[in-house]
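Q: Provided below for reference: sequence and predicted model.
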Amino acid sequence: MQYLSSSLDIDKNSAQPVYLQLASQLMALINSGTLQSGQQLPASRTLAAQLGIHRKTIIRAYDELIVQGWLESKPGSGTFVATQLPKINQRTLGDCSALGKDALKHAGFAFVTMPHLQRELTLPDNGYHLDDGLPDARIAPLQELSSAYRSQMALGNPYSRLGYGDPAGAANLRTALSSYLNETRGMQTTAANVLITRGTVMSMYLACTVLLKQGDLVAVTDLSWSGADVNFKQAGARMIRIPTDEAGIDINALEATCKKMPIRMLYITSHHHYPTTVSLRADRRIALLQLAHQYGFILFEDDYDYDFHYENKPLLPLASVDPSGMVIYSGSFSKIISPAFRVGYLVGPEDLIAELSLLRRIIDRQGDSILENAIAELLQNGIIQKHLRKSLRMYRERRNVFCELLNGLQNYVDYKIPEGGMAIWAKFDPAIDLHDLSAKALKKGLYFSNGNIHAPGNPAFNCTRLGFASSTPDELEKSMMIMSNLLKAR
């Protein structure tokens, strides 16, 4: 069977052992019908000589397939394709290297692709970045978190500490987080009101899956977070856009919509509206809660960067003054520590949290209980709170430095100093091609979004978020120098 060796493609430089390569390719030949049930294979010595490999490698591959039932050995006769295998229509013997390659690229069955999932994935690794509003991981309490994590690994009963836990999250973190939210946000929760998740995206997915059905109407602001939009589309909901202004969502427009059609849910970033950073005014907060109670719609409050407010004390969330149980409150530690640490939380009525926990159990079972307990330890010891005080001062300084630098570009960029958050909402002159500017900046080592994520398909939108928190004052100055040079060279 000289022809068989020509159908086997052995790569001696591959990380996969040669015997496994050979066994896999022989299985593919059998499965394709090229090698038929009962057909004899070359002797190990013969095939080894043809392939230029050691005979023991051939024997090991044959033995592997014999154990798995693909081959059978007949003493005194040789090695054969197992006779109990079903007969497969024989195909022309060809280059085995092509077998299975197309199957790795294209499924052999039909499935529905979902266009709304096709979102741009940005993984910037440039030296300079004016990102979407991320924290500076260099100042995060990583040593303290690492120490707490090691302690959680070593202490306590390993069977319970390292085994399966509550899908709702580690009890220590739920209790510590409940106390923390009550102290800092004026809430009156218990651990039973808290569900620990992998972050806001998971919180939204769970809530949308449980609370929305096909065709439900969800209200979002005219400019909103694309991650929320995708979750609503995935749940089969329809979205309606409500305008916003310098004081947040337009309550009159929302009420007019409620009178015309039944809204099931409203997604709101009340503290620092995403992406524009404006805070929802107090009178509108009261009116919004009244509308939710009157028309019976759910308020999903995404408080993604509550802890970073610079001009005065943070505004208490809607969830802290919700008399009717209409608010679901979401937050995470991504903006406090780093996006790499996937720990978020969802706060709501006990019965809803219990139901969401049941759903979470079948898609993720539980989170990283060691990490959750470590973060609970940092909360209980006041380390998170100390880090927040430090980072608040630092981010305020960086905001001020960045705004001074932006003043030098007032002929090109319009903005308002944000009261809080980690980014500035920048409106570029219509004569500037923001997409082109972003692309040229990237070649110079500076990343910032071209704004397409905020207004897909509208290149004339010309607004974007410029994050300042993750860069030092020196890095901000160098970033703005790159942008300034590009703008002036137009």
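A: Thanks, I have it. Numbers count the residues shown, from 1 in each chain.

Q: from residue 344, how far off is residue 360?
A: 12 Å (CB to CB, to the nearest Å). From N, CA and C alone the C-beta is placed, and that goes for glycine too.

Q: what sits in contact with each of these two?
A: Both residue 360 and residue 344 are contacted by 197, 202, under the criterion CB atoms under 8 Å, 6 or more residues apart in numbering.

Q: out of those two, which sits in the busier spot?
A: Using other CB atoms under 10 Å as the criterion, residue 360 and residue 344 rank with residue 360 on top: 26 against 23.

Q: from residue 137, how far out is the more buried one?
A: According to CB to CB, residue 360 stands 27 Å off from residue 137.

Q: which SS state does residue 196 fall under?
A: Using DSSP: H, G, I helix; E, B strand; the rest coil, the structure places residue 196 in strand.

Q: ugh, wrong one, I meant residue 129
A: Under three-state DSSP, the three-state class of residue 129 is strand.

Q: from what I see, it and residue 447 are in contact.
A: Yes - look at residue 129 against residue 447 with CB atoms under 8 Å: they come within range, at 4.5 Å.

Q: so which residue is dead centre in this structure?
A: Residue closest to the mean C-alpha point of the chain, counted by CA atoms, centre = their mean, is residue 201 at 6.5 Å.

Q: to which secondary structure element is that one assigned?
A: Taking DSSP states H and E as the criterion, residue 201 maps to helix 200-211.

Q: that helix packs against which elements?
A: Packing partners of helix 200-211 (3 or more CB pairs under 8 Å, 6 or more residues apart in numbering; DSSP states H and E): strand 194-197, helix 226-234, strand 298-302, strand 327-332, strand 344-347, helix 350-363.

Q: what pairs with the next helix or strand after it, and is each one parallel or antiparallel?
A: Moving toward the C-terminus from helix 200-211, the next helix or strand (DSSP H and E) is strand 217-221. Sheet pairing of strand 217-221 (DSSP bridges) gives strand 238-242 (parallel), strand 265-268 (parallel).

Q: and the next helix or strand past the helix or strand hosting residue 389?
A: Here residue 389 is covered by helix 383-407, with elements defined by DSSP H and E. Downstream of helix 383-407, the first helix or strand assigned by DSSP H and E is strand 413-414.

Q: tell me how many other residues surround the closest residue to residue 408 other than its chain neighbours.
A: Nearest non-adjacent residue to residue 408, counting by CB to CB, 6 or more residues apart in numbering: residue 484, 6.7 Å away. Neighbour count for residue 484, taken as other CB under 10 Å: 15.

Q: which positions within the helix or strand hosting residue 484 qualify as buried?
A: Assessed by DSSP H and E, residue 484 sits inside helix 473-488. Of all the residues in helix 473-488, those buried under the rule 16 or more other CB atoms under 10 Å are 473, 475-476, 479-480, 482-483, 486-487.

Q: same check on stretch 217-229?
A: 217-221, 223-229.

Q: quick one: contacts of it?
A: Contact with stretch 217-229 is made by 116, 119, 200-201, 204, 212, 232, 237-244, 249, 254, 257, 261-269, 273-276, 297, 300, 302, 453-456, as judged by CB under 8 Å, 6+ apart.

Q: can I get that stretch in CSV? Just the C-alpha atoms.
A: What follows is stretch 217-229 as a C-alpha-only set of coordinates in CSV (Å, rounded to 0.1, in the frame of the first residue of the first chain):
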residue,chain,number,x,y,z
LEU,A,217,-40.6,47.3,24.2
VAL,A,218,-37.4,48.6,25.8
ALA,A,219,-36.7,52.4,26.1
VAL,A,220,-33.1,53.5,25.8
THR,A,221,-31.6,57.0,25.4
ASP,A,222,-30.8,58.4,22.0
LEU,A,223,-27.2,57.8,22.7
SER,A,224,-26.6,54.6,24.7
TRP,A,225,-24.3,51.7,25.5
SER,A,226,-24.0,49.3,22.6
GLY,A,227,-23.6,46.4,25.1
ALA,A,228,-27.0,47.1,26.4
ASP,A,229,-28.5,47.4,22.9
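
Q: what lies in contact with stretch 137-157?
A: Outside of stretch 137-157, the residues within contact range by CB under 8 Å, 6+ apart are 161-162, 336-338, 340-341, 370-371, 373-375, 377-378, 383-384, 386-387, 390-391, 394, 470.

Q: of the residues you listed, grab the buried ones for PyMOL.
A: Applying 16+ other CB under 10 Å to the contacts of stretch 137-157 leaves a buried subset, and the PyMOL line that selects it is:
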select buried, resi 161+336+337+338+341+370+371+373+374+375+377+378+383+384+387+391+470
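
Q: residues contacting the closest residue to residue 343 other than its chain neighbours?
A: Excluding the flanking residues, the one nearest residue 343 by CB to CB, 6+ apart is residue 333, at 4.8 Å. Contacts for residue 333 (CB under 8 Å, 6+ apart) come out as 341, 343-344, 375.

Q: next, the distance between the ends of stretch 403-412.
A: 14 Å (CA to CA, to the nearest Å).

Q: make 95 the first number, not 1, from now on.
A: New numbering, starting at 95: the last item is stretch 497-506.

Q: now that stretch: mean pLDDT?
A: The average pLDDT for stretch 497-506 rounds to 93.

Q: ok, residue 359 touching residue 306?
A: Yes - with contact defined as CB under 8 Å, residue 359 counts as touching residue 306 (6.6 Å).

Q: what residues do those two have in common as contacts?
A: Common contacts of residue 359 and residue 306 (CB under 8 Å, 6+ apart): 312, 331.

Q: which of these two has more residues huddled nearby?
A: Per other CB under 10 Å, whichever of residue 359 and residue 306 has more neighbours is residue 359, with 25 against 20.

Q: from residue 152, how far off is the more buried one?
A: Distance, residue 359 to residue 152, using CB to CB: 63 Å.

Q: same question for residue 107.
A: Separation of residue 107 from residue 152 (CB to CB): 19 Å.

Q: equivalent analysis for residue 571, please.
A: Distance of residue 571 to residue 152, given as CB to CB: 66 Å.

Q: same deal with residue 356?
A: Distance, residue 356 to residue 152, using CB to CB: 71 Å.

Q: do residue 437 as well
A: Applying CB to CB to residue 437 and residue 152 gives a distance of 52 Å.

Q: okay, now residue 297: neighbour count?
A: Residue 297, neighbours per other CB under 10 Å, totals 28.

Q: for it, give me the pLDDT.
A: Looking at residue 297, its pLDDT is 95.

Q: check residue 321 too.
A: 90.

Q: same thing with residue 183?
A: Reported pLDDT for residue 183: 66.

Q: same question for residue 325.
A: As predicted, residue 325 sits at a pLDDT of 94.

Q: could you do the one 10 residues further on as well?
A: We note a pLDDT of 94 for residue 335 in this prediction.

Q: OK, contacts around it?
A: Residue 335 touches 313-316, 318, counting by CB under 8 Å, 6+ apart.

Q: redo that, cut-off 10 Å
A: Taking CB atoms under 10 Å, 6 or more residues apart in numbering, we find residue 335 in contact with 313-318, 347, 351.

Q: thinking residue 516 is in contact with residue 492, fair?
A: Yes - using CB atoms under 10 Å, residue 516 is in contact with residue 492, at 8.8 Å.
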